[in-house]
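1. Give the three-dimensional model of this entry:
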Amino acid sequence: MPETTPAAVSASTVLVATQGAVRILTLNRPATLNSFTAQMHLELLPALQAAADDDAVRAVVITGAGRGFCAGQDLNDPAMVGGVDVGAVIERFYRPLATRIRTMPVPVIAAVNGVAAGAGANFALCCDLVVAARGASFIQAFSKIGLVPDCAGTWLLPRLVGRARAMGLAMTADKLPAAEAERIGMIWQCVDDAALMDTAVALAQRLAAMPSHALAETRRVIDAAMPMDFSQALALEADTQRELGKAHDFGEGVAAFFAKRPPVFTDR
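-> Here you go, the predicted structure:
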């Protein structure tokens, strides 16, 4: 892979690096399989915001340090000890996190390198594309502790895999291997473990060269069209195309097509 420029120290719970136009965020609590803590949230959300605010960033990759992607909420974290209001934890940390991921101005790829459990699994599924190592797995672990899927899991799962599979995964909390997750359409791609980061970064670099604003709008209209009827979806398409048709990237794409040259997209 190209040389990485680090922008964080190892004591941080989120490491930040840049490869060209790609920002790489690494969850960095490997001893606990990168489980979420209040401190990690306080670093992760600003890191995502910084990527969103940086015009030089045109794609984001999120992965985990060590042998896991993210094991979900760390139940030993002080934020979860005592008579905790779990709903308040969701509102304070997970709702803003899921919302930020789904509204990023650039594509976001989850590179799942091991277990992704609970909120960690659904955090990955919030991303636009999930590339997982063959040794990775996804676990909706909530029922084991008397909870329901969070971090947007109740919204994501039935839309990704249908109600029957969503109910099965959520109720049984069974481990879903990455290859099976790919087969049922829950994730984009399953690759050999050794190829994970090269594959994810190459995909991110490919997307970074594409029209970022149009890709972000693609996410928005696909999500928005899900509860719509056919006529409403057609109207949404027309409204979105009307605005994109006025933008630089459409004109550049058409000009490059006729000139038989690579386009240079700049909208974001």
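2. Please name the nearest non-neighbouring residue to Pro262.
-> Ala256 (6.4 Å; Cβ to Cβ, 6 or more residues apart in numbering). (Glycine included, C-beta is placed from N, CA and C.)
3. Could you measure from that neighbour over to Ala247?
-> 14 Å (Cβ to Cβ, to the nearest Å).
4. Tell me which of those two has more neighbours.
-> Ala247 (17 against 14; other Cβ atoms under 10 Å).
5. So what's the residue count around the nearest residue to the more buried one once chain neighbours are set aside?
-> Among residues not flanking Ala247 along the chain, Asp267 sits closest, at 5.1 Å (Cβ to Cβ, 6+ apart). Close neighbours of Asp267, defined as other Cβ under 10 Å, add up to 16.
6. Likewise for Glu91?
-> Glu91, neighbours per other Cβ under 10 Å, totals 11.
7. next one: Leu236
-> 16.
8. Would you map the strands across the chain?
-> In the chain, the segments counted as strands under DSSP state E are 5-6, 14-19, 22-27, 59-64, 68-70, 108-112, 115-117, 129-133, 137-139, 175-177, 189-191.
9. Out of those, which gets the lowest mean score?
-> Mean pLDDT is lowest for strand 5-6 among the strands of the chain, at a mean of 44.
10. residues in contact with the residue nearest to Ala247?
-> Counting by Cβ atoms under 8 Å, 6 or more residues apart in numbering, Asp267 touches 211-214, 247-249.
11. so which of the strands of the chain gets nearest Ile222?
-> strand 129-133 (12.7 Å; Cβ to Cβ).
12. What helices and strands are in contact with that closest one?
-> Applying 3 or more Cβ pairs under 8 Å, 6 or more residues apart in numbering; DSSP states H and E, we find strand 129-133 packed against strand 108-112, helix 178-183, strand 189-191, helix 196-208.
13. Including distance to His41, could these go into JSON lines?
-> Listed next are these as JSON lines, based on distance: least, Cβ to Cβ, whole Å:
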{"stretch": "strand 108-112", "distance to His41": "17"}
{"stretch": "helix 178-183", "distance to His41": "25"}
{"stretch": "strand 189-191", "distance to His41": "28"}
{"stretch": "helix 196-208", "distance to His41": "23"}
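14. Return the most buried member of the ones you listed.
-> Sort the helices and strands packed on strand 129-133 by mean neighbour count, taking mean count of other Cβ atoms under 10 Å, and strand 108-112 sits at the top with a mean of 28.
15. tally of neighbours for Leu244?
-> Leu244, neighbours per other Cβ under 10 Å, totals 16.
16. measure it to Ala224 for me?
-> Distance from Leu244 to Ala224, by Cβ to Cβ: 15 Å.
17. One more: Thr99?
-> 14 Å.
18. returning to what we had before: local confidence estimate at the residue nearest to Ala247?
-> At Asp267, pLDDT is 96.
19. Quick check: phi and psi at it.
-> phi -70, psi 150 (degrees, to the nearest 10).
20. Alpha carbons of stretch 208-228, as CSV, please.
-> Taking Å, rounded to 0.1, in the frame of the first residue of the first chain, the C-alpha atoms of stretch 208-228 are listed here in CSV:
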residue,chain,number,x,y,z
ALA,A,208,-12.3,9.1,-4.2
ALA,A,209,-11.7,9.7,-7.9
MET,A,210,-15.4,9.6,-8.6
PRO,A,211,-17.9,12.5,-8.1
SER,A,212,-18.1,12.6,-4.3
HIS,A,213,-21.3,14.7,-4.1
ALA,A,214,-23.1,12.4,-6.5
LEU,A,215,-22.1,9.4,-4.5
ALA,A,216,-23.3,11.0,-1.2
GLU,A,217,-26.6,11.9,-3.0
THR,A,218,-26.9,8.3,-4.2
ARG,A,219,-26.8,7.2,-0.6
ARG,A,220,-29.4,9.8,0.4
VAL,A,221,-31.9,9.1,-2.3
ILE,A,222,-31.6,5.3,-2.0
ASP,A,223,-32.3,5.6,1.8
ALA,A,224,-35.1,8.1,1.3
ALA,A,225,-36.8,6.0,-1.5
MET,A,226,-37.2,2.9,0.7
PRO,A,227,-40.5,3.9,2.3
MET,A,228,-41.7,5.8,-0.8
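21. Thank you, goodbye.
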